[in-house]
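**Q** Predicted model and sequence follow; I will ask about them next.
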Amino acid sequence: MKSMREKWEKKNGYKKRVNIMTKNTIETSAKTADNWNF
């Protein structure tokens, strides 16, 4: 039971991490762009 859950979390956790990283990159880019708008 636990090993199945761990496999599922590894598979989906990777996707989640990528989505979070992408989101953070977009947000960071947006903040950087805002900083240049003086």
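**A** Nice, thanks for sending it over. Bear in mind that the values here come from a model prediction, so they are computed numbers and not experimental data.
**Q** burial measure for residue 6, as a count.
**A** 11 (other CB atoms under 10 Å). Placement of C-beta: from N, CA and C, glycine included.
**Q** Next, it: secondary structure please.
**A** Here residue 6 takes the helix state, with states given by DSSP: H, G, I helix; E, B strand; the rest coil.
**Q** With residue 27 instead?
**A** helix.
**Q** and it, what pLDDT?
**A** According to the prediction, residue 27 has pLDDT 88.
**Q** can you count the residues close to it?
**A** There are 10 residues near residue 27, going by other CB under 10 Å.
**Q** do the same with residue 34
**A** 8.
**Q** what's the answer for residue 16, then?
**A** Neighbour tally, residue 16, other CB under 10 Å: 10.
**Q** Now do whichever strand or helix holds it: distance to the chain's middle.
**A** Per DSSP states H and E: residue 16 is located in helix 2-36. Offset of helix 2-36 from its chain centre (CA atoms, centre = their mean, to the nearest Å): 1 Å.
**Q** which other helices and strands contact it?
**A** Using 3 or more CB pairs under 8 Å, 6 or more residues apart in numbering; DSSP states H and E as the contact test, no helix or strand touches helix 2-36.
**Q** buried ones in it?
**A** Within helix 2-36, no residue qualifies as buried by neighbour count (16 or more other CB atoms under 10 Å).
**Q** Pass me the low-pLDDT residue ranges in the protein, would you?
**A** Low-confidence segments of the chain (pLDDT under 70): 1, 37-38.
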